[in-house]
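Q: pasted the sequence and its predicted model underneath.
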Amino acid sequence: MVSGDDATPGYVDGCLTPVPADSQDAYLAFSAESAQVFRDHGALRVVEGWGDDVPPGKHTDYARAVDLRDGEVACYSWIEWPSKDVRDSGWQAMMADPRMADRALPFDGKRMVYGGFTPIFDRHMGAGA
């Protein structure tokens with residue numbers, strides 16, 4: 001992997017989620033609670049992005065990927081892990097964590113798109129870059 005510094009995660013989970021536009025506060029609260037559980041089980045960083053400039057594409061796009069409906073926003077999220085092994089054990093532990101049981105989802109989880117990725121390029125563009 002090509003990296004710009006030593007803080008590059010060893011593994012990343014990415015998610016694209018349809019969220020009702022009027023549920024941003026509920027989504028943010030859910031995300032904050034979930035992020036703590038992820039961190040407690042080894043995640044390095046959790047980022048949630050609220051779509052505000054997500055244009056339609058000619059062949060495919062974010063909206064079609066999650067069957068976005070009127071009144072919904074496409075949210076893009078990622079979770080950084082030190083390694084795939086930590087991610088795999090972290091997810092297993094998290095699914096057994098009582099804080100994750102019986103939680104109401106502020107989004108349609110059936111239309112969420114997600115996957116795990118091994119970083120192959122990472123270039124941080126901080127000051128002086």
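A: Everything's here; your move.

Q: middle-most residue in this structure, spatially?
A: S77 (2.6 Å; Cα atoms, centre = their mean).

Q: and the nearest residue to it once chain neighbours are set aside, what does it touch?
A: Once flanking residues are discounted, S77 sits nearest to C15: 4.4 Å by Cβ to Cβ, 6 or more residues apart in numbering. C-beta here means a position set from N, CA and C on the backbone, and glycine is covered the same way. By Cβ atoms under 8 Å, 6 or more residues apart in numbering, C15 lies in contact with C75, Y76, S77, W78, I79, M112, V113, Y114.

Q: same thing but 7 Å
A: With contact set as Cβ atoms under 7 Å, 6 or more residues apart in numbering, C15 has these partners: S77, M112, Y114.

Q: just the C-alphas of the helix or strand where the first one lies, formatted as CSV.
A: Same thing as S77. Taking DSSP states H and E as the criterion, S77 maps to strand 72-81. C-alpha atoms of strand 72-81 as CSV (Å, rounded to 0.1, in the frame of the first residue of the first chain):
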residue,chain,number,x,y,z
GLU,A,72,-34.4,10.7,2.1
VAL,A,73,-30.7,11.5,2.1
ALA,A,74,-27.8,9.2,1.2
CYS,A,75,-25.4,9.0,4.1
TYR,A,76,-21.8,7.8,3.6
SER,A,77,-19.9,6.3,6.5
TRP,A,78,-16.7,4.5,7.2
ILE,A,79,-15.1,2.8,10.1
GLU,A,80,-11.3,2.5,10.3
TRP,A,81,-9.7,-0.5,12.0
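
Q: partners of it, with directions?
A: Sheet pairing of strand 72-81 (DSSP bridges) gives strand 11-20 (antiparallel), strand 45-50 (antiparallel).

Q: can you give the distance of stretch 98-117 from its chain's centre?
A: Offset of stretch 98-117 from its chain centre (Cα atoms, centre = their mean, to the nearest Å): 10 Å.

Q: contacts for that stretch?
A: 11-19, 23, 26-27, 30, 37, 65-67, 87, 94.

Q: now do 6 Å
A: 12-19, 23, 26-27, 30, 37, 65-67, 94 (Cβ atoms under 6 Å, 6 or more residues apart in numbering).
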